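**Q** I would like to see how this sequence folds:
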Amino acid sequence: MSEAYFSKVRESTVSEMLTTIKGGRNEMLNKAAYTLGRHAHLAPSNIDAAIIDLHAAAKQVGLHDIEIKATIGSGFKRGGENPKVLEDSDAKPFTASEFDRLIGKLASKEMLTRDEETRKDKIDKARKAWEGGVPISRESKDAVRPALLYLNNRGLRASAAVGAARFSPNVYDGPAILFPALDEAGEVQGIQAVLITAEGNKREHRGITKYSRGVIAGNSMRIGDEHDGGAIILVEGPEDALSIRQAVQGHAEATIVCTFGKAGMATYNAPRASDVTICADPDLDVDKVADVIRGDGSTSVYVVRFNELGVENVADANDYLREAGEEKLREALSLAKPVEQAQQEAAQAEMNWPTPYEPVDPASIPRRRWIYGAHYIRGYVSVVASQGGAGKTSMQNVEATSICLCRPLLEETVHEQVNVWVINGEDPYEEMQRRFAAIMIHYNIKPEELRGRLFLDAGRDLMIQFAKQTRDGIVTNDQVAEKMIERIKQNKIGLVMLDPWVGFNDINENDNVAMNAAVAQARWIADQTDAAVVLTHHIRKSNGEDATIDSVRGAGSLIGAARAARIINKVSQEDALKLGVNELESLGIFRVDDGKSNLAPPAAKALYRRMHGVELPNGEYVGVCIPFKMPDLFDGVSARDAQEVQRLIGAAASREEPYRLDARAKHWAGNAVAVQLDLDVAKKNEKARAKAILAKWVETNVLSVEEWPDKRAGRDVQCVVVGEWISGTEIG
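**A** Model (predicted):
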């Protein structure tokens, strides 16, 4: 029971971490680590794996290693000091010394940073830092110049920060502006330090622009005194709080509460009967925050979304202050709508149809923006499907490389050079490195040609999941999609490859509704980023027959959603030999067919590819997809050749020594074909070609098969005779 319970806790904490958005990431990580610490005694053998999963999830949402390890160390320690005791469980909480040894072991593995400080120590350090800060005012302008420049860059005057912010000349090797996190009694419990340069710009220290000290969770920065029945303006960032203060000072009485992130807004405990106005960033879940704030129902909750007020490049209150000014900011706050009304209006806005058609000049319609061949197109989803081990992953890796370089490595047109993100849900990152190293060696690509253009991630590390099926129905992970959209835009990525698609969902792939919900997430990403998204999938077992679009495994809604789809079929060695491929090259060949092409005409002819072994410097061989031209069965064969073979066949029949159909016979008809076409039947591929040409001529009645008596065998055998003679007109 204990291990099963811990497994659920582990899954829940990691899932919540993955769905956290900017503004609440560190707080959520602290909470998740605290939860793991509380339950650590239930499954000691699983602790390492749980922390590794949590670390990976935190890294995926944008936190950095140093910050992650420190936060996990702090939260895990506090959780262990408050263990969860389960009824009917034999698992006993760790003693203090046992838990200390566990933390020491985890720290020695560099899975967390050991937190030696008590909660009181942290608060004391935060208070000391706050008290050591220089109050911001006009009188102290020389001492706090970087802070004043920072505020000025944000459209803020010094008066907005009086009593609410301080300046420190030395936080992590440079100046910082400090904001206090206060408890209900108004005592400093923590501080948030925004790192700035001497010129008032934001700076980074080890990848971080903000640092927190003390206890931030559950506390807030407040300007004014909260009280029952009072007006409260709730924001998630200190710069927003100062913007609101600057706009309403002298015009309205309201307490401004800053919770240092979205997670804090969702736990804010407002006084009874208050009027709370939520200043919502575009990605804030207002419904969730409003439900908490309403409490016993006596509190009224309003919302204003600055990104919906018709001003470009605006997301929050500080943006709006800088773009529209103080008067407009006051007006926006006064026109805040009840949350229920805002919900209704948003729903109505989505039903603003039908739209009258307005004909346009066809010449003004933009061309479709193909990236590669007629396969990958901006803003749409494509599918590539095949059986396992056919070569599709290597082919797509080479295609990704081609697109990054704008070089037709597989002899297909690269319409646009874009950055590419390849996410493989099956292979570890090390295997992906091997594959791309082999591609670079074979195609003579230098590292600097791909650096900054190609992005690789192992999905098993990222734990990306677009949709899952539960007893309550289908649940889509909008937060993961939103994070991907953000990262795609940041890195100017034009193509995303998800391989295999089934690895990024936990659904019944035969369920059309579930598959449609999952694919809708991929379409959303393509639509929001204007990137092409490629889903790599598998086909059903075909009992030896070639796969078609109908062979794609699972629900038909996957193919229905795609605008281009390709099907890959292996070419057997026997079939390759029949076409004249030499024995050395006859293995590893596959054919790529257009399965569906809604936005382009289907390919006139199938493309062939071959897997070629490339040796890495470590001695290993890795398969690399290369272009391959499959020879035509009748390359170099003329109507005159067919007529000459007919003459040989006819002459033998007239001598009553007809050629045999059986390739094992000494007097085999394929020998006549080989003589005319100069083929060596001692070679496996040339004999196979002679056999295939013979079969095709029998099929088209150039030759015919008849039963002839075999005196030696005492039975009739199949022999080859002339069918319909080739005419002089056909020969020309």
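**Q** where do the strands sit along the stretch 551-700 of the chain?
**A** Using DSSP state E, counting those that start in this stretch, the strands of the stretch 551-700 of the chain run over residues 564-570, 589-597, 607-615, 621-628, 659-660.
**Q** out of the ones you listed, which is the most enclosed?
**A** strand 564-570 (a mean of 22; mean count of other Cβ atoms under 10 Å). Placement of C-beta: from N, CA and C, glycine included.
**Q** now do it and strand 589-597, the angle between them.
**A** 160 degrees (axes from the mean of the first three to the mean of the last three Cα atoms, to 10 degrees).
**Q** now strand 564-570: mean pLDDT?
**A** For strand 564-570, mean pLDDT is 85.
**Q** mind starting the numbering at 130 from now?
**A** Okay, using 130 as the starting number, the last item reads as strand 693-699.
**Q** name the residues that touch that strand?
**A** 503-506, 509, 511-516, 519-521, 524, 668, 675-678, 680-681, 688, 718-729 (Cβ atoms under 8 Å, 6 or more residues apart in numbering).
**Q** could I get the strands of the stretch 680-829 of the chain as a markdown table with distance to R844?
**A** Formatted as a markdown table, the strands of the stretch 680-829 of the chain follow (distance: least, Cβ to Cβ, whole Å):
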| stretch | distance to R844 |
| --- | --- |
| strand 693-699 | 39 |
| strand 718-726 | 40 |
| strand 736-744 | 43 |
| strand 750-757 | 45 |
| strand 788-789 | 13 |
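**Q** quick one, which of the ones you listed gets closest to E132.
**A** Nearest of the strands of the stretch 680-829 of the chain to E132, taken as Cβ to Cβ: strand 750-757 at 39.2 Å.
**Q** give the pairing partners of the closest one; include direction for each.
**A** strand 736-744 (antiparallel) (DSSP bridges).
**Q** tabulate the CA atom coordinates of the partner strand in CSV.
**A** Presented in CSV, the C-alpha positions along strand 736-744 are these (Å, rounded to 0.1, in the frame of the first residue of the first chain):
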residue,chain,number,x,y,z
LEU,A,736,11.0,7.7,-53.8
TYR,A,737,13.5,5.1,-52.6
ARG,A,738,15.9,5.4,-49.7
ARG,A,739,18.6,3.1,-48.4
MET,A,740,20.2,2.7,-45.0
HIS,A,741,24.0,2.9,-45.2
GLY,A,742,26.3,1.9,-42.3
VAL,A,743,28.6,4.7,-41.1
GLU,A,744,31.4,4.0,-38.7
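**Q** flag the shaky bits of the stretch 180-329 of the chain, pLDDT-wise.
**A** The model of the stretch 180-329 of the chain has pLDDT under 70 over residues 217.
**Q** quick one: contacts for the spatially most central residue of the chain?
**A** Centroid check for the chain by Cα atoms, centre = their mean gives M613 as the closest residue, at 5.5 Å. Contact partners of M613, counting by Cβ under 8 Å, 6+ apart, are 593, 625, 654.
**Q** can you rerun that using 7 Å?
**A** Residues in contact with M613 (Cβ atoms under 7 Å, 6 or more residues apart in numbering) are I654.
**Q** what's the pLDDT at it?
**A** So, for M613, pLDDT stands at 91.
**Q** mind giving me the PyMOL select for the contacts of strand 693-699, buried ones only?
**A** PyMOL command restricting the contacts of strand 693-699 to the buried ones, with burial defined by 16 or more other Cβ atoms under 10 Å:
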select buried, resi 503+504+505+506+509+511+512+513+514+515+516+519+520+521+524+668+676+678+680+681+688+718+719+720+721+722+723+724+725+726
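**Q** which of the contacts of strand 693-699 fall in helices?
**A** 521, 524, 688 (DSSP state H).
**Q** so in this structure, where's the weakest helix or strand by average pLDDT?
**A** Ranked by mean pLDDT, DSSP states H and E, the weakest helix or strand in the chain is helix 588-591, scoring a mean of 65.
**Q** following that helix, which helix or strand shows up next?
**A** Once the chain leaves helix 588-591, the next helix or strand it forms, by DSSP states H and E, is strand 596-599.
**Q** what is the burial count for M592?
**A** 17 (other Cβ atoms under 10 Å).
**Q** what pLDDT does the model give it?
**A** Looking at M592, the pLDDT reads 72.
**Q** verify the stated contact: it with S144.
**A** No - using Cβ atoms under 7 Å, M592 is not in contact with S144, being 8.7 Å away.
**Q** which parts of the stretch 480-629 of the chain are helices?
**A** 521-534, 558-571, 576-579, 588-591, 607-619 (DSSP state H, counting those that start in this stretch).
**Q** pick the most deeply packed of the ones you listed.
**A** helix 521-534 (a mean of 23).
**Q** export the ones in helices among the contacts of strand 693-699 to TSV and tack on distance to A660 and pLDDT?
**A** Shown next, in TSV, are those (distance: Cβ to Cβ, whole Å; pLDDT from 0 to 100):
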residue	distance to A660	pLDDT
K521	20	89
M524	20	94
I688	20	75
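**Q** G319: which of those is nearest?
**A** K521 (51.7 Å).
**Q** residue contacts, the closest one?
**A** 513, 515, 665, 697.
**Q** distance of it from A346?
**A** The gap separating K521 from A346 is 47 Å, by Cβ to Cβ, to the nearest Å.
**Q** then R793?
**A** Counting by Cβ to Cβ - R793 and A346 are separated by 82 Å.
**Q** and for H544?
**A** From H544 over to A346 (counting by Cβ to Cβ), the distance is 50 Å.
**Q** the two: which is more packed in?
**A** More crowded of H544 and A346, by other Cβ under 10 Å: A346, with 22 against 19.
**Q** helix or strand for the more buried one, which one?
**A** Short version, using DSSP H and E: A346 is in no helix or strand.
**Q** burial measure for the residue lying closest to G347 once chain neighbours are set aside, as a count.
**A** Excluding its sequence neighbours, the residue lying closest to G347 (Cβ to Cβ, 6 or more residues apart in numbering) is T396, at 6.9 Å. By other Cβ under 10 Å, 16 other residues sit near T396.
**Q** now T396: phi and psi?
**A** Main-chain torsions, T396, degrees, to the nearest 10: phi -120, psi 10.
**Q** can you check A461 too?
**A** phi -60, psi -40.
**Q** please apply the same query to the one 5 residues further on.
**A** Note on K466: backbone dihedrals following degrees, to the nearest 10 are phi -100, psi 150.
**Q** tell me the contacts of it?
**A** 431-432.
**Q** ok, what's across the strand from it?
**A** Under the criterion DSSP bridges, K466 forms beta bridges with V432.
**Q** so, low pLDDT: which residues of the stretch 680-829 of the chain?
**A** In the stretch 680-829 of the chain, residues with pLDDT under 70: 680, 683-686, 690, 709, 725-734.
**Q** for the stretch 130-279 of the chain, what spans make up the helices?
**A** Counting by DSSP H, counting those that start in this stretch, the stretch 130-279 of the chain has helices at residues 131-147, 154-168, 176-189, 194-209, 225-237, 248-261, 274-282.
**Q** past the last one, which element shows up next along the chain?
**A** This means helix 274-282. Assigned by DSSP H and E, the successor of helix 274-282 is strand 295-297.
**Q** show residues contacting that next one.
**A** Contacts for strand 295-297 (Cβ under 7 Å, 6+ apart): 258-259, 261-265, 273, 276, 304-307, 322.
**Q** in strands, which of those residues appear?
**A** 263-264, 305-307, 322 (DSSP state E).
**Q** greatest separation within the residues you listed: which pair is it?
**A** Among those, P264 and A322 lie farthest apart (Cβ to Cβ), at 15.6 Å.
**Q** these two: which has the busier surroundings?
**A** Each of P264 and A322 has its neighbours counted (other Cβ under 10 Å); A322 has more, 24 against 15.
**Q** partners of the more buried one in the sheet?
**A** The partner residues for A322, given DSSP bridges, come to L307, Y340.
**Q** that one contacts P309, correct?
**A** No - look at A322 against P309 with Cβ under 7 Å: they stay out of range, at 10.8 Å.
**Q** so which elements touch the host helix or strand of Q318?
**A** Using DSSP H and E, Q318 sits within strand 317-324. Packing partners of strand 317-324 (3 or more Cβ pairs under 7 Å, 6 or more residues apart in numbering; DSSP states H and E): helix 248-261, strand 305-311, strand 339-343.
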